[in-house]
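Asker: structure of the sequence below:
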Amino acid sequence: MVRVVLLLLFIGGVLTTSTAQFGYGISAKTGLYERWSNPEDGISSRSSGSALINLGVGPKAWVGNSSFSVSLEATANVAPFAFSIGEFKGLGAASFPVLARLNFGGLSGLNKKGTVGISIGGGLQWTRTELFGITSKFEQQGGQRELYKSFVGEVAAGFGMSGFSGYLYIRYGQNNDVGVKMFSIGIGYDFNVPTLKVMTDPEF
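Answerer: This next block holds a predicted model:
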């Protein structure tokens with residue numbers, strides 16, 4: 001699925017190069033609920049989740065026009081209160097998704113008039129749970145947590161205008177080679193700096 005999405009992104013980029021607009025800026029995330037499963041270690045519960053203070057931010061770039069664009073983003077996300085309900089081992093989780101996306105309508109990031117839009121994309125995500133406060137029992141059992149990779153897909157729907165976009169996103173990922181899965185639902189906020197500047201600076 002990820003390969004197909006990336007191929008579509010490449011095709012979309014080629015089709016828009018003749019009349020393309022370019023943008024760069026910031027993508028911020030507020031995770032409403034996130035859940036991860038670590039590789040099987042035969043020691044303890046693999047799961048960890050969080051529904052409290054899940055925040056992310058990172059750079060984003062767009063190419064396209066007011067109705068369609070291709071974007072690339074990379075965010076660093078932190079969930080300081082993530083923990084495992086099945087067996088408490090420690091707190092915290094961090095994830096680093098890198099996504100390429102096809103954006104339509106209001107989520108193109110390059111539109112001036114306010115309108116709704118949708119987005120679909122995919123890529124890779126690196127995750128680690130139990131960042132701090134590790135229990136002595138977990139350590140004595142030989143348990144440890146390391147960054148692991150997932151292949152992820154994401155869909156989003158929302159509203160955009162004048163360089164700003166707000167949307168609800170759902171992301172799912174897995175990696176069968178190491179037996180991991182992840183799920184995330186949240187709200188995203190994108191800020192296209194050149195478009196925002198044109199719309200707010202009276203000198204332009």
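Asker: and Gly92, how many residues sit next to it?
Answerer: 20 (other C-beta atoms under 10 Å). Placement of C-beta: from N, CA and C, glycine included.
Asker: and what of Gly56?
Answerer: 21.
Asker: quickly find the element holding it.
Answerer: strand 54-64 (DSSP states H and E).
Asker: heading C-terminal from that strand, find the next helix or strand.
Answerer: Immediately after strand 54-64, counting by DSSP H and E, sits strand 68-74.
Asker: quick one: contacts of that following strand?
Answerer: Residues from elsewhere that reach strand 68-74 (C-beta atoms under 8 Å, 6 or more residues apart in numbering): 9, 12-13, 16, 21, 23, 27, 58-64, 96-104, 108-110, 121.
Asker: all the strands of this protein, in order from the start?
Answerer: Using DSSP state E, the strands of the chain run over 21-37, 47-50, 54-64, 68-74, 76-79, 91-105, 115-132, 148-161, 164-175, 180-192.
Asker: I'd like the ones you listed as TSV, with mean pLDDT appended.
Answerer: Below are these laid out as TSV (pLDDT from 0 to 100):
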stretch	mean pLDDT
strand 21-37	96
strand 47-50	95
strand 54-64	97
strand 68-74	97
strand 76-79	98
strand 91-105	97
strand 115-132	96
strand 148-161	97
strand 164-175	98
strand 180-192	97
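Asker: ok, back up a step: now the buried members of the contacts of strand 68-74.
Answerer: Taking 16 or more other C-beta atoms under 10 Å as the criterion, what is buried in those is 9, 12-13, 16, 21, 23, 27, 58, 60-64, 96-97, 99-104, 108-110, 121.
Asker: centre-most residue in this structure?
Answerer: Nearest residue to the geometric centre of the chain (C-alpha atoms, centre = their mean): Pro97, 5.2 Å.
Asker: how close does that one get to Gly142?
Answerer: Distance, Pro97 to Gly142, by C-beta to C-beta, to the nearest Å: 29 Å.
Asker: what do you get for Glu40?
Answerer: 14 Å.
Asker: and what of Tyr189?
Answerer: 41 Å.
Asker: got it, and Ala156?
Answerer: Separation of Ala156 from Gly142 (C-beta to C-beta) stands at 40 Å.
Asker: with neighbour numbers in mind, choose between those two.
Answerer: Ala156 (22 against 9).
Asker: check contacts around that one.
Answerer: Ala156 neighbours (C-beta under 8 Å, 6+ apart): Arg101, Leu107, Ile118, Ser119, Ile120, Tyr167, Leu168, Tyr169, Ile170, Gly188.
Asker: dump those into TSV; add distance to Phe81 as well.
Answerer: What follows is the contacts of Ala156, written out as TSV (distance: C-beta to C-beta, whole Å):
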residue	distance to Phe81
Arg101	28
Leu107	30
Ile118	31
Ser119	28
Ile120	30
Tyr167	24
Leu168	22
Tyr169	21
Ile170	21
Gly188	20
